[in-house]
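Asker: sequence and predicted structure are below.
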Amino acid sequence: MDLFHQVKFILRLTRSHDIVRRYFIVNGFDGALTMLGLIMGFLFSDTIEITVILNACLGAAIALGMSGMSSAYVSESAERHRELGKLEEAMISDLHDSAHGEAARSVPWLIALVNGFAPLIISLLILIPLFISKSGIVLPVSPLYIAILIALFLIFLLGVILGRIADISWFRSGIQTLLVASITALLIYLFTSM
Amino acid sequence: MLAVKRIILDVLKPHQPNALEFCKVIAKAGSDYRVRLTVLEVDENTETLQLEVTGSDIDFEVIQSTISDIGGSLHSIDEVEVQNESDLG
């Protein structure tokens, strides 16, 4: 069985598709909103060097990734251990060497990777204009504005995915997540301009 | 040479993998295995199955280890059909 089919098999075995999807969206949203908040905070501040902004955002993105990875691993590991114990009790047999035992050990890693990489990758996508600007390429618009636009687009996209999962209007769902981002931006503006 | 042609097993398995997937994995254990699975009972976490495997020379050990590899537990061998092929031309 190749890796892709093996991953699909253990996800099916543990019925973890939904959890992986949920973790991806929730933590991806976390990453996008955190980057949006940081960049807007810098935008409303006095002129700050792009390297400082990039380092602060990168630091936050890496911390979000590590936090997502470790928290998901710890909680999922405990959850899977408990599930396996319940199943072993029902089966009255040791499932350690079975596909269920293997799944109970590997699913927490898989979920941890998704939970960690979702905010990290989304943050890195948002930071692309800042990387470009730092490399010396002059952009027609401030890289901070472009980064905010990318963040809003990704937040809308996560809303669209949520809409498709829930089988409701993808546009409405996208607008809902955009609304959350707008409220966040408004709060940042209000608090930073005080 | 004695060849096992058919066995009927009583197996307990978790709900996942489902009956179809379970059947396919068992069938893959031999090149000409034909598997018939009947779900006899469904509990909260488990299912009791009757598994019938037919083939030209069934390797029981392989079937037993395949069942435990996918989380099943063999309870009993309910029927067996063995043929002595040494007399055959």
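Answerer: The structure has been received and is ready for your questions. Please read these numbers as outputs of a predicted model, since none were measured by experiment.

Asker: quick check: closest non-adjacent residue to whatever residue of chain B ends up closest to chain A.
Answerer: Scanning chain B for proximity to chain A using CB to the nearest CB identifies B:N45 as nearest, at 3.8 Å. Using the backbone N, CA and C atoms, a C-beta is placed for each residue, glycine as well. Closest residue to B:N45 apart from its sequence neighbours, by CB to CB, 6 or more residues apart in numbering or on different chains: A:A90 at 3.8 Å.

Asker: residue of chain A nearest chain B, please.
Answerer: Of all residues in chain A, A:A90 sits closest to chain B, at 3.8 Å by CB to the nearest CB.

Asker: which residues of chain A fall in helices?
Answerer: Secondary structure of chain A (DSSP state H): helices located at A:3-13, A:17-43, A:50-91, A:99-126, A:128-134, A:143-166, A:170-192.

Asker: mind listing what's buried in the fifth one?
Answerer: Within helix A:128-134, the residues scored as buried using 16 or more other CB atoms under 10 Å in any protein chain shown are A:129-130, A:133-134.

Asker: from the chain's centroid, how far away is stretch B:4-15?
Answerer: Remark: stretch B:4-15 is offset 4 Å from the chain centroid, using CA atoms, centre = their mean, to the nearest Å.

Asker: I'd say the residue of chain A closest to chain B and B:T46 touch.
Answerer: Yes - applying CB atoms under 8 Å, one finds A:A90 in contact with B:T46, separated by 5.1 Å.

Asker: now the residue of chain A closest to chain B: how far from B:G30?
Answerer: Per CB to CB, to the nearest Å, A:A90 is found 29 Å from B:G30.

Asker: and B:S76, by the same measure?
Answerer: B:S76 sits at a distance of 21 Å from B:G30 (criterion: CB to CB).

Asker: where does the chain have low pLDDT?
Answerer: In the absence of a named chain, this looks at chain A. A:1 (pLDDT under 70).

Asker: oops, I was thinking of chain B
Answerer: Chain B contains residues with pLDDT under 70 at B:87-89.

Asker: residue numbers of it in contact with chain A?
Answerer: Counting by CB under 8 Å from any CB of the partner chain, the residues of chain B close to chain A are B:12-14, B:16-17, B:21, B:43-46, B:68-71, B:73.

Asker: more neighbours: which of B:S76 and B:G30?
Answerer: B:G30 (19 against 8; other CB atoms under 10 Å in any protein chain shown).

Asker: the closest residue to the more buried one other than its chain neighbours: neighbouring residues, count only.
Answerer: Spatially, and ignoring its direct neighbours in sequence, B:G30 is nearest to B:G55 (5.2 Å; CB to CB, 6+ apart). When neighbours are defined as other CB under 10 Å, B:G55 has 20 of them.

Asker: B:G55 contacts B:D32, doesn't it?
Answerer: Yes - when contacts are counted by CB under 8 Å, B:G55 is listed as touching B:D32 (5.1 Å).

Asker: would you map the helices across chain B?
Answerer: In chain order, chain B shows helices spanning B:19-27, B:60-69, with DSSP H as the criterion.

Asker: now for those, which one comes closest to A:D2?
Answerer: Proximity to A:D2, assessed across those by CB to CB, is greatest for helix B:19-27 (15.8 Å).

Asker: still on that earlier bit, for the residue of chain A closest to chain B, what are its contacts?
Answerer: For A:A90, the residues meeting the contact criterion (CB atoms under 8 Å, 6 or more residues apart in numbering or on different chains) are B:14, B:43-46.

Asker: one more pass at 10 Å, please.
Answerer: Contacts for A:A90 were tallied using CB atoms under 10 Å, 6 or more residues apart in numbering or on different chains; they are B:12, B:14-15, B:43-46.
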